[in-house]
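Engineer: coords please:
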Amino acid sequence: MSVFANLCLVNFLARFSYALARNPVLPLFALSLGAGPEAVGWAVGVSTVTGIFFKLPSGSLSDVIGRRRAMLAGLFFFGLMPYAYLCIDSYAALIAVRFVHGLATAIYAPVAMAVVASLAGERKGELLSLFSSVAIIGTLLGAPMGGLILHNPFTAGEPGLTLFRLVYLLSGLTGTAALVLGLRSLGFGEEAPSGAGQSLAERGRLFVRGLREVAGDGRVLAASSMEAVQNLAMGALEAFLPIYAVTVAGLTEFEAGLLWGAQVTVIMAAKPLMGRVSDRRGRRPLIVAGMALCAVPLAVVPHLAGFWSLLAVCLAFGLGEALVTSSSAALVADVSRSRHLGSAMGVFGTIADVGHAAGPILAGALVGGLGYGPGFVVLAVVLVAAIPWYVRVAPRQG
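Structural biologist: Below is the predicted model:
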């Protein structure tokens, strides 16, 4: 198998393992430990906080010590942390384990993207998007598998501790498979890291220098900010579309789930194609078009009540998200030096995570204070307002 195919297989197993441990199992596990609604939210969100703090230094460190070592460190947390859930008997222990488990994606994600970008040559948009779609497939399969284990024809009533532990055991086994496959097959043939053969102090200076150089690059910050604004909208829709669909539009929970599934399917299918288009036609037009396309569905969702009309706007939002996300990471890779790709992806991932974490919080404040109609219009205005700023500061390519 090629290096990229091995990367995709490792990526699939790691994301499948992580999804098994998360939704819908994690909130139900927190509930079984006596957590209330706010505490459940913290249990779900604490791993994103880990990403905000650790993605940037992880990416930068990979530029100094080598990407294979850094990526295997991330896979170590994928492979071993799920077994820690087997010992959890309190909410406090769950929060601690979730925070540490978040290191898996915090370390792995920016480094893996840097590896793919360095392998892709002129096909960065296409291969980064394909790699991301593989992760989405792993997530799509892992989440329902966890739910099926908890609620299946052979069990009745509320899931007990044994079933939760069974899910986390399966998560551990697939995470371990990703780690073992990574150890055996991931030799990237990468250039020697910039800190090779140097003292610890010299490596530390290289680490800080790379971090400053990338974090001070306006082109990297502009592309990352557009991903963050798009993630903000996506996080808001993720949190409040199901509630709107069930409590206002009168749809069933199953129909609300279909809306989310259709949106994710469009993203997964469209990203590789849009990535290829961005490789040939340039990144900036697709990012601008995607932001505009995401703004329209956000503004009209509160004025729709039928399943098919809501499905149409979800498909449009998914296509807009594919346009933005297939091009933003590739643009960051385009403008970054190869020896700083890890730092660049770390900055990109950190800013994107801030947007994702802020989306549900901002949407909650807007919907609670203004209602769905005006609240979603404000979010749409944020997307549209970002476009002229981005056009002014973004590099012209293609």
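Engineer: and the protein, what are its domains?
Structural biologist: 1-187, 209-397 (the TED database).
Engineer: quick one: pLDDT of residue 210?
Structural biologist: For residue 210, the pLDDT comes out at 64.
Engineer: any chance of a markdown table for the domains of the chain, columns mean neighbour count?
Structural biologist: (C-beta placed from N, C-alpha, C; glycine too.) Shown next, in a markdown table, are these (neighbours: other CB atoms under 10 Å):
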| stretch | mean neighbour count |
| --- | --- |
| domain 1-187 | 20 |
| domain 209-397 | 20 |
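Engineer: tell me where this protein has strands.
Structural biologist: Here the chain has no strands by DSSP state E.
Engineer: can you pull the contacts of the residue nearest to the spatial centre of it?
Structural biologist: Centroid-nearest residue in the chain, with CA atoms, centre = their mean: residue 353, separated by 7.6 Å. Residue 353 makes contact with 48, 51, 52, 55, 231, according to CB atoms under 8 Å, 6 or more residues apart in numbering.
Engineer: now do the contacts for the residue lying closest to it once chain neighbours are set aside.
Structural biologist: Leaving aside its chain neighbours, residue 353 sits nearest to residue 51 (4.6 Å; criterion: CB to CB, 6 or more residues apart in numbering). The neighbourhood of residue 51, defined by CB under 8 Å, 6+ apart, consists of 102, 105, 106, 109, 349, 350, 353.
Engineer: how close does the nearest residue to the third one once chain neighbours are set aside sit to residue 67?
Structural biologist: Looking back up the chat, that one is residue 106. Residue nearest to residue 106 in three dimensions, not counting chain neighbours: residue 54, with 3.9 Å by CB to CB, 6+ apart. Noted for residue 54: a distance of 16 Å to residue 67, by CB to CB, to the nearest Å.
Engineer: just residue 275 next, same as before
Structural biologist: From residue 275 to residue 67 the distance is 21 Å (CB to CB).
Engineer: kindly report the same for residue 311.
Structural biologist: For residue 311, the distance to residue 67 - CB to CB - is 41 Å.
Engineer: contacting residues for residue 140?
Structural biologist: Counted by CB under 8 Å, 6+ apart, residue 140 has contacts 19, 261, 264, 265, 268.
Engineer: touching, residue 62 and residue 74? I think so.
Structural biologist: No. With contact defined as CB atoms under 8 Å, residue 62 does not count as touching residue 74 (9.5 Å).
Engineer: give me every residue that touches the nearest residue to residue 366 once chain neighbours are set aside.
Structural biologist: Distance criterion CB to CB, 6+ apart; nearest residue to residue 366, sequence neighbours excluded, is residue 375 at 3.4 Å. Residue 375 makes contact with 302, 363, 366, 367, 369 under the criterion CB under 8 Å, 6+ apart.
Engineer: and residue 236, how far from residue 109?
Structural biologist: 22 Å.
Engineer: how about residue 18?
Structural biologist: For residue 18 relative to residue 109 (CB to CB), the value is 10 Å.
Engineer: same deal with residue 85?
Structural biologist: 21 Å.
Engineer: contacting residues for the residue nearest to residue 56 when sequence neighbours are not counted?
Structural biologist: Among residues not flanking residue 56 along the chain, residue 346 sits closest, at 4.1 Å (CB to CB, 6+ apart). Applying CB under 8 Å, 6+ apart to residue 346 gives the contacts 55, 56, 57, 58, 59, 60, 110, 214.
Engineer: sorry, back to before: separation between the residue nearest to residue 106 and residue 107?
Structural biologist: 7 Å.
Engineer: swap in residue 101?
Structural biologist: In terms of CB to CB, residue 101 sits 11 Å off from residue 107.
Engineer: okay, and the common contacts of these two?
Structural biologist: Joint contacts of residue 101 and residue 107 (CB under 8 Å, 6+ apart) are residue 77.
Engineer: so where's this structure uncertain?
Structural biologist: 1, 37, 152-159, 188-215, 395-398 (pLDDT under 70).
Engineer: show me where it has helices.
Structural biologist: 3-21, 25-32, 37-65, 67-80, 91-120, 124-150, 161-185, 200-215, 218-247, 253-281, 284-300, 307-335, 341-370, 372-393 (DSSP state H).
Engineer: elements contacting the first one?
Structural biologist: If I follow you right, that is helix 3-21. helix 67-80, helix 91-120, helix 124-150, helix 161-185 (3 or more CB pairs under 8 Å, 6 or more residues apart in numbering; DSSP states H and E).
Engineer: how about the ones you listed in JSON lines, adding distance to residue 219?
Structural biologist: JSON lines is the format used below for the helices and strands packed on helix 3-21 (distance: least, CB to CB, whole Å):
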{"stretch": "helix 67-80", "distance to residue 219": "22"}
{"stretch": "helix 91-120", "distance to residue 219": "15"}
{"stretch": "helix 124-150", "distance to residue 219": "15"}
{"stretch": "helix 161-185", "distance to residue 219": "31"}
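Engineer: quick one: closest of the ones you listed to residue 390.
Structural biologist: helix 124-150 (17.2 Å; CB to CB).
Engineer: got the contact list for the closest residue to residue 4 other than its chain neighbours?
Structural biologist: Leaving aside its sequence neighbours, residue 4 sits nearest to residue 119 (CB to CB, 6+ apart; 6.0 Å). By CB under 8 Å, 6+ apart, residue 119 lies in contact with 3, 4, 7, 127, 188.
Engineer: cool, and residue 229?
Structural biologist: Residue 229 neighbours (CB under 8 Å, 6+ apart): 291, 355, 382, 383, 386.
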